[in-house]
Every structure is written in structure tokens, then in C-alpha cells.
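> any chance you could fold what I've pasted below:
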Amino acid sequence: MSFDFCVTEEDYLNFNLYHTYHSKQARNIKLITRYGCAVMFLLVYYSFGLIGNNLPPYNIIVGLIIPVLWIIIFPKYYDNRI
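Numbering: from 1, shown residues only. The predicted structure follows:
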């Protein structure tokens, strides 16, 4: 008995997306990367501001906007990279 089948690129991509959305390990990695990078950016950004002892108000706003944008944009970026 033999089976003949064809795996297309679309099938392969759909499997990867399904696995990513339903795998606990993949979801944890996505969450850690999503929020961990934002927190790390905040820590590094403000630590450099404290070391230099000068953090103008517009830099504080930029320092808050970039992590928020990362949290919003990262899921789309991550899904496209799979």
C-alpha cells in the first residue's frame, strides 16, 4: 500500500502558523520577546539617562512611545517572520 501526496508551500506555512498559535512553548517565547524587549528597552534607555544625568522631556516621551510601538507592532512582525 502506498500513499501519494503533495505538500505545497501554503500547506507548510499553514502548519507552522497552526503550531505557533497552539504550542505553549511558542506562545511563551512570543510573550517573553514581546514584553521582555520592551522592558529591557525601558531599563537601558532610562539607565543611560540617569548615568548622563540629563533626560529632556521629549526624550522621556520618545522613551515611552518606542516600547509601546514594539508591543503593538511585534505580533504582526513575528507572524510574518514564521
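> show me the longest helix that occurs in this structure.
helix 24-52 (DSSP state H).
> tilt between the helix or strand following that one and helix 24-52?
Under the assignment DSSP states H and E, the closest C-terminal helix or strand after helix 24-52 is helix 57-81. Orientation of helix 57-81 against helix 24-52 (axes from the mean of the first three to the mean of the last three CA atoms, to 10 degrees) gives an angle of 160 degrees.
> for helix 57-81, enumerate the helices and strands it packs against.
With contacts taken as 3 or more CB pairs under 8 Å, 6 or more residues apart in numbering; DSSP states H and E, helix 57-81 sits against helix 24-52. Any C-beta I mention is one placed from the backbone N, CA and C, and that applies to glycine too.
> can you rerun that using 10 Å?
The contact analysis (3 or more CB pairs under 10 Å, 6 or more residues apart in numbering; DSSP states H and E) places helix 57-81 against helix 9-22, helix 24-52.
> show me where the chain dips below the pLDDT cut-off.
Residue ranges of the chain with pLDDT under 70: 54-55, 82.
> can you rerun that using 90?
Filtered on pLDDT under 90, the chain yields the residue ranges 1-5, 13-14, 16-22, 26-27, 29-31, 41-64, 66, 74-82.
> mean neighbour count added to the helices and strands packed on helix 57-81, as JSON lines?
Shown next, in JSON lines, are the helices and strands packed on helix 57-81 (neighbours: other CB atoms under 10 Å):
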{"stretch": "helix 9-22", "mean neighbour count": "11"}
{"stretch": "helix 24-52", "mean neighbour count": "12"}
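> redo these as a markdown table? Include distance to Trp70.
As requested, the helices and strands packed on helix 57-81 are exported to a markdown table (distance: least, CB to CB, whole Å):
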| stretch | distance to Trp70 |
| --- | --- |
| helix 9-22 | 19 |
| helix 24-52 | 5 |
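> go through these and name the closest to Pro75.
The closest of the helices and strands packed on helix 57-81 to Pro75 is helix 24-52. By CB to CB, the value is 6.9 Å.
> quick one: the closest one to helix 9-22, angle?
70 degrees.
> returning to what we had before: what helices and strands are in contact with the longest helix of the chain?
If contacts are counted by 3+ CB pairs under 10 Å, 6+ apart, helix 24-52 sits against helix 9-22, helix 57-81.
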